[in-house]
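Asker: give me a model of this one.
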Amino acid sequence: MVSNRCKMAVKEDLKKLGLHFILVDLGEVEIMENISDEQRNNVKIALLKSGFELMDDKRAVLIEKIKNTIIEMVHHSDEVIKTNFSNYLSEKLNYDYTYMANLFSEIQGSTIEQFIISHKIERIKELIIYGELNITEIAWKMNYSSVAHLSNQFKKVTGLSPSHFKKLKEKRRSPLEDIGLREQSKSNEN
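Answerer: Modelled structure (predicted):
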């Protein structure tokens, strides 16, 4: 779940099943009742119909929490990203960063850093398209050391400079759930 709309859909599914929830957050649900295996299966089926997945594997759950934390920070936070992502993830999820990084690479086939860069570039595309900030302000907001650093990373990922991207109105953004999959599918092809 990466948006408020996703959270609302999960809440509706739980209500339809007669379950009461304490928390429905990004990638996590806490239900008041102890549920039977049959109810758990019903939740799994309802979530699948809504395009979600019930995760039982603790490692997979942590990977989803890592992804959701990055997405929340990059796409849904209005605060300027002025913290080291490794420290932020460790503090937010209460895990050693090295453990999370190794697990992420093992399961995803790419690094946390690559996932963050993919999402930062997608957010930069959004900010460029909206046109409310200039490239210097975007670099500051996205915690780049310089406009040159942002431009180099943007060009490496997209093949375009930020200014050239701005001129290309037909260049569309990617859905959040697809970001990082292209890199993973490319590495699986090799």
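Asker: for residue 179, phi and psi?
Answerer: Main-chain torsions, residue 179, degrees, to the nearest 10: phi -70, psi 130.
Asker: so what's it closest to, chain neighbours aside?
Answerer: Distances taken as C-beta to C-beta, 6 or more residues apart in numbering put residue 118 closest to residue 179, at 4.8 Å, once the chain neighbours are dropped. Glycine gets a C-beta too; all of them are placed from N, C-alpha and C.
Asker: how far does stretch 70-81 sit from its chain's centre?
Answerer: Stretch 70-81 sits 10 Å away from the centroid of its parent chain (C-alpha atoms, centre = their mean, to the nearest Å).
Asker: looking at the helix or strand containing residue 125 now, give me its mean pLDDT.
Answerer: Using DSSP states H and E, residue 125 sits in helix 112-130. Averaged over helix 112-130, pLDDT sits at 94.
Asker: need the CA coordinates for it. PDB is fine.
Answerer: What follows is helix 112-130, C-alpha atoms only, in PDB (Å, rounded to 0.1, in the frame of the first residue of the first chain):
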ATOM      1  CA  ILE A 112      18.300   0.100  -1.500                       C
ATOM      2  CA  GLU A 113      20.400   2.900  -3.000                       C
ATOM      3  CA  GLN A 114      19.200   2.000  -6.500                       C
ATOM      4  CA  PHE A 115      15.600   1.900  -5.300                       C
ATOM      5  CA  ILE A 116      16.000   5.300  -3.600                       C
ATOM      6  CA  ILE A 117      17.600   6.800  -6.700                       C
ATOM      7  CA  SER A 118      14.800   5.500  -9.000                       C
ATOM      8  CA  HIS A 119      12.200   7.100  -6.700                       C
ATOM      9  CA  LYS A 120      14.100  10.300  -6.300                       C
ATOM     10  CA  ILE A 121      14.400  10.600 -10.100                       C
ATOM     11  CA  GLU A 122      10.600   9.900 -10.500                       C
ATOM     12  CA  ARG A 123       9.900  12.600  -7.900                       C
ATOM     13  CA  ILE A 124      12.200  15.000  -9.700                       C
ATOM     14  CA  LYS A 125      10.300  14.400 -12.900                       C
ATOM     15  CA  GLU A 126       7.100  15.300 -11.100                       C
ATOM     16  CA  LEU A 127       8.600  18.500  -9.700                       C
ATOM     17  CA  ILE A 128       9.900  19.500 -13.100                       C
ATOM     18  CA  ILE A 129       6.500  18.800 -14.700                       C
ATOM     19  CA  TYR A 130       4.700  20.800 -12.100                       C
END
